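*Asks:* compute the structure for the input listed below.
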Amino acid sequence: MSFSKGDKVTWNTSQGTTEGKVVEKHDKEFTFDDQTFKASKDEPYYTVESAKSGKQAAHKESALSKK
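*Replies:* Numbering: from 1, shown residues only. Coordinates of the predicted model:
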């Protein structure tokens, strides 16, 4: 499953399920919040933004579900 910028998605956090939207897709290594992520075309990562807090996070495609 692939996501596009603006897609509404959900993901699990320690506080429970969070929902928000896709901000950016990454298919090459990138740095987010002082952390390096090894994204690839086979295993992309996405920057997502929480609808509730407005905070952003990076997640593997497999950690996201379409809302």
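
*Asks:* tell me how far the most far-flung residue of the chain relative to its centre lies from Asp42.
*Replies:* Checked against the mean C-alpha position of the chain, the extreme residue using CA atoms, centre = their mean is Gln15, at a distance of 16.6 Å. As judged by CB to CB, to the nearest Å, Gln15 and Asp42 stand 30 Å apart. C-beta here means a position set from N, CA and C on the backbone, and glycine is covered the same way.

*Asks:* all strands for this structure, in order.
*Replies:* Applying DSSP state E to the chain gives strands spanning 8-13, 16-26, 30-32, 35-37, 45-50, 56-60, 65-66.

*Asks:* closest one to Met1 among those strands?
*Replies:* With CB to CB as the criterion, Met1 lies closest to strand 65-66 of the strands of the chain, at 7.1 Å.

*Asks:* strands paired with the closest one, and their directions?
*Replies:* Strand 65-66 sits in its sheet next to strand 8-13 (antiparallel), going by DSSP bridges.

*Asks:* any idea of the angle the strand it pairs with forms with strand 16-26?
*Replies:* Angle, strand 8-13 to strand 16-26, by axes from the mean of the first three to the mean of the last three CA atoms, to 10 degrees: 120 degrees.

*Asks:* let's have the chain start at 57 instead
*Replies:* Sounds good: first residue 57 from here, last item strand 64-69.
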